[in-house]
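Engineer: Got a sequence here, can you model it:
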Amino acid sequence: MSKRIRAAEHVVQLWDEAPRLFTPTSEHSMIYRPDTPLQALMEAMPHEEPADDWETQHATREAVADLIDGLDEVEQFVIHAIFFERLSLRKIGRLMGRDKNWVARTRDSALENMRGMK
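Structural biologist: The predicted structure follows:
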């Protein structure tokens with residue numbers, strides 16, 4: 001078995017074993033969002049920017065999810081651990097058996113790849 005395949009299998013195993021620190025609660029679902037851009041505009045106070053409506057926010061989330069799905073497994077793991085699990089670079093490095101500089105370079109590479117996929 002090649003070194004690259006073993007590394008990929010190791011990342012998949014880490015993904016399954018990684019701690020799940022961020023779990024959505026009912027508190028997150030209680031945040032009010034207008035349903036449409038028009039409703040957001042109608043509910044905004046004068047001289048204030050309207051709040052993001054549900055449709056816009058949902059479309060943005062779907063676009064980000066599609067971009068993350070386009071990354072390789074290692075980059076997906078790093079992005080998920082940093083932005084969703086809120087783990088430090090050092091902790092991710094310990095989980096993966098790498099140093100934090102490698103994790104930072106992987107993060108930067110993943111973000112650059114996501115910018116290029118637009």
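
Engineer: low pLDDT regions in this protein?
Structural biologist: Where the chain drops to pLDDT under 70, the residues are 1-5, 7-8, 10-31, 118.

Engineer: For the residue lying farthest from the centre of it, give me phi and psi.
Structural biologist: Computed with CA atoms, centre = their mean, the residue of the chain farthest from its C-alpha average is residue 46, at 33.9 Å. Backbone torsions of residue 46, given as degrees, to the nearest 10, read phi -60, psi 140.

Engineer: Equivalent analysis for residue 96, please.
Structural biologist: Residue torsions, per degrees, to the nearest 10, at residue 96 are phi -100, psi 0.

Engineer: Counting neighbours, what do you get for residue 83?
Structural biologist: Number of residues near residue 83 (other CB atoms under 10 Å) recorded here: 14. The C-beta positions use only the backbone N, C-alpha and C, and glycine is treated the same way.

Engineer: ok, now how distant is it from residue 66?
Structural biologist: Using CB to CB, to the nearest Å, residue 83 is found at 15 Å from residue 66.

Engineer: Give me the buried positions along the longest helix along the chain.
Structural biologist: The residue-count maximum for a helix in the chain (DSSP state H) belongs to helix 100-117. By neighbour count with 16 or more other CB atoms under 10 Å, helix 100-117 contains the buried residues 103, 106-107, 110-111, 114.
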